[in-house]
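A.B. asks: sequence-free structure coming up:
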């Protein structure tokens, strides 16, 4: 039985050997075979001394030492010396068809092709990155060598490859039609990848222009670096700049390490390590500097350091960033989840590409396209995070579904009865107080506004008023409206922190209503003052801006979960409808309400005139009755232009201002002619107190008033009511430019 098994095994070995020898060991091109991979028919020999010549290699002795390739994708890794590849080619193509040898090895320094046994049509091509580009038979990133038609049935071709970089070869003999198809496929893939990179670049540039945050500029530079890396990896740099020998390797080295530095720099901004991870931030700075220095060294002297050192630096950087990403998720740093996914994608893709480049894994497609694909996938993850942070989400839309279950109607009825009782009481008096009747009327109107807001909580953030208004002016208007409603003489202290330099672009009515509700519902019933502080916080990283309103101290009787709806609960729902938050924290006098509201706002620059009014060098003074529509319109317009104003009702108050002013102070006084003010006659009562550089402007809705008449009365300028928005600032700037020795025209001063 044992002897029988031995015979069976021996027979199997003989059959396998015969099959192996029966396999054609040549690249045969005919009607049925238009493309042959040399890995299946060729053999190789490594000359570690790099001294053997073509005649030595073609000798009988060395031909026996060639080893079959046996793989379509040749991965030799880092090789010291020359790699010689030998293949026999047989062409049996129909007349008119030609063939070519196609070698993909764009990073190799030396790629030589020889056909020693062809006498008349011998090929002698010495190519590579360290050879002139003109040596290439066809100007293309890959090495394409046309094969002659009039050749013996079988001829031998030798290919010599030498490189400081890992050697990876994909070699085929194919017809020109097959070659054209493969070239077009490579062009399409490159165009597709570069198109995505271009779109990502455009989006990052857009976000940089919109937010002015350097994170997007850094990532834009990274995308440009990846494009350069792709072009160098595929031999396009040498094709575009054929006169610069060795430029391709230098750009590849510089782009690899520069991209590692840029990814590290991007990390600092994306997860804000300076704020959340200060020690890690210092490590990232070290990585940025190290990779930047290595990028310069490898670009200037690529032959001085091993390419393995470059790869090790890049891999260690990516692994470090991956660890930081896990740590960021553990600490719940904002947007760290997106960053972790991006790091996993790039680290995995880059690791597979490195293993393929050094011959550990055989992944031809990933070796050719994997690095760029990994970067694009990573960029798409970051892009998703960017879109998320710039697209407000409605987190609270479901919180208003239970309003129908609240007993709001009873509370509304109680508030209406309170105001109707005030109205009934006033009408029962022989002489009703008009002011109290007006307050009751406005309270009823305010209650109607609240009901409207409750019905439209979901649409507030999308249908808010889009008229731009200065934030400080909006707060002032809300304060005025509150005092028009207040029936308890509450004291409110408004504290501003640079709100004058911000202009709201949306949801202006809703935010004004929020201020009014805070004053109405948080006010003290005693003589204690309610402080309201407003600040605008701008996050430069993602361009978001938030309005922070702090009200303190809050009475202990005011709680967020009050049984009554109109109050803190209504305020909270109103703030949350704008994707904001409202909470009461602290105890005693430190008990405070904090509202944080995302806003669409822009910062406006102060004009020279506005700076002078803010500093007190120029003091614009409005003299007249506060309930004048003309005065309110003028005041709102000047406030919207960030001018600081002083408003006095009586001439006696103006006398006090003029008598107590500093020496370098210059007054511009606005007088009004309407149904409630008679500015033309008021001028004479204080003109003797004016200095030579003071000025007076008359604003009137009287069609019979003229510029000449106003000048005759002693005014520096006259503005008709329809010209407030067009002429008022012009006249003020003209007065500002006047020198101090110019006296008011036609104003007679008494000393």
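C.D. replies: Arrived safely. From a predicted model like this one, the values you see are computed outputs, not experimental measurements. Residues are numbered from 1 along each chain as shown.
A.B. asks: can we go C-alpha only for contacts and neighbour counts from here?
C.D. replies: Noted.
A.B. asks: chain center to stretch 717-725: distance?
C.D. replies: 44 Å (C-alpha atoms, centre = their mean, to the nearest Å).
A.B. asks: and it, average pLDDT?
C.D. replies: Stretch 717-725 shows a mean pLDDT of 87.
A.B. asks: list the buried residues of that stretch.
C.D. replies: Residues of stretch 717-725 classed as buried: 717, 718, 719, 720, 721, 724 (neighbour count, 16 or more other C-alpha atoms under 10 Å).
A.B. asks: inside helices: which ones of these?
C.D. replies: Members of the buried residues of stretch 717-725 lying in helices (criterion: DSSP state H): residue 724.
A.B. asks: and the buried residues of stretch 717-725, which two are furthest apart?
C.D. replies: 717 and 721 (13.0 Å; C-alpha to C-alpha).
A.B. asks: next, count neighbours for residue 205.
C.D. replies: Residues lying near residue 205 (other C-alpha atoms under 10 Å) number 19.
A.B. asks: contact partners for residue 642?
C.D. replies: 470, 500, 501, 606, 610 (C-alpha atoms under 8 Å, 6 or more residues apart in numbering).
A.B. asks: let me see the ranges of the strands in the stretch 51-200 of the chain.
C.D. replies: Counting by DSSP state E, counting those that start in this stretch, the segments of the stretch 51-200 of the chain that form strands are 67-68, 74-77, 82-91, 99-104, 110-114, 124-127, 143-147, 155-162, 167-175.
A.B. asks: quick one: average pLDDT of the fourth one?
C.D. replies: Right, strand 99-104. On average, strand 99-104 scores 92.
A.B. asks: switch the strands of the stretch 51-200 of the chain over to TSV; also include mean neighbour count and distance to residue 440.
C.D. replies: As requested, those are exported to TSV (neighbours: other C-alpha atoms under 10 Å; distance: least, C-alpha to C-alpha, whole Å):
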stretch	mean neighbour count	distance to residue 440
strand 67-68	16	101
strand 74-77	18	88
strand 82-91	21	98
strand 99-104	20	87
strand 110-114	20	94
strand 124-127	18	94
strand 143-147	20	90
strand 155-162	20	94
strand 167-175	22	87
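A.B. asks: nearest to residue 264, of these?
C.D. replies: Taking C-alpha to C-alpha, strand 74-77 is the member of the strands of the stretch 51-200 of the chain nearest to residue 264, at 28.3 Å.
A.B. asks: so how far is that closest one off the chain centroid?
C.D. replies: 41 Å.
A.B. asks: list of residues touching that strand?
C.D. replies: Residues contacting strand 74-77 (C-alpha under 8 Å, 6+ apart): 39, 165, 166, 167, 168, 169, 170, 356, 357, 358, 359, 362.
A.B. asks: phi, psi for the residue lying closest to the first one once chain neighbours are set aside please.
C.D. replies: Taking C-alpha to C-alpha, 6 or more residues apart in numbering as the measure, residue 39 lies nearest to residue 72, with 4.5 Å between them; neighbours along the chain are not counted. The phi and psi values for residue 72, taken as degrees, to the nearest 10, are phi -70, psi -40.
A.B. asks: just checking, residue 72 touches residue 41?
C.D. replies: No: under the criterion of C-alpha atoms under 8 Å, residue 72 is not in contact with residue 41, lying 9.5 Å apart.
A.B. asks: look at these two and report which has more neighbours.
C.D. replies: residue 41 (22 against 18).
A.B. asks: for the more buried one, list the residues it contacts.
C.D. replies: 24, 25, 26, 27, 68, 69, 70, 87, 88.
A.B. asks: tell me what the fifth one is bridged to.
C.D. replies: What that stands for is residue 68. Using DSSP bridges, the beta-bridge partners of residue 68 come out as residue 43.
A.B. asks: isn't it up against residue 43?
C.D. replies: Yes: the pair residue 68 / residue 43 is scored as a contact, 4.0 Å apart, by C-alpha under 8 Å.
A.B. asks: quick one: the contacts of strand 74-77 as TSV, columns for distance to residue 548 and pLDDT too.
C.D. replies: Output for those, formatted as TSV (distance: C-alpha to C-alpha, whole Å; pLDDT from 0 to 100):
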residue	distance to residue 548	pLDDT
39	69	88
165	57	87
166	58	89
167	60	89
168	60	89
169	62	90
170	62	90
356	54	89
357	54	87
358	56	87
359	58	84
362	58	86
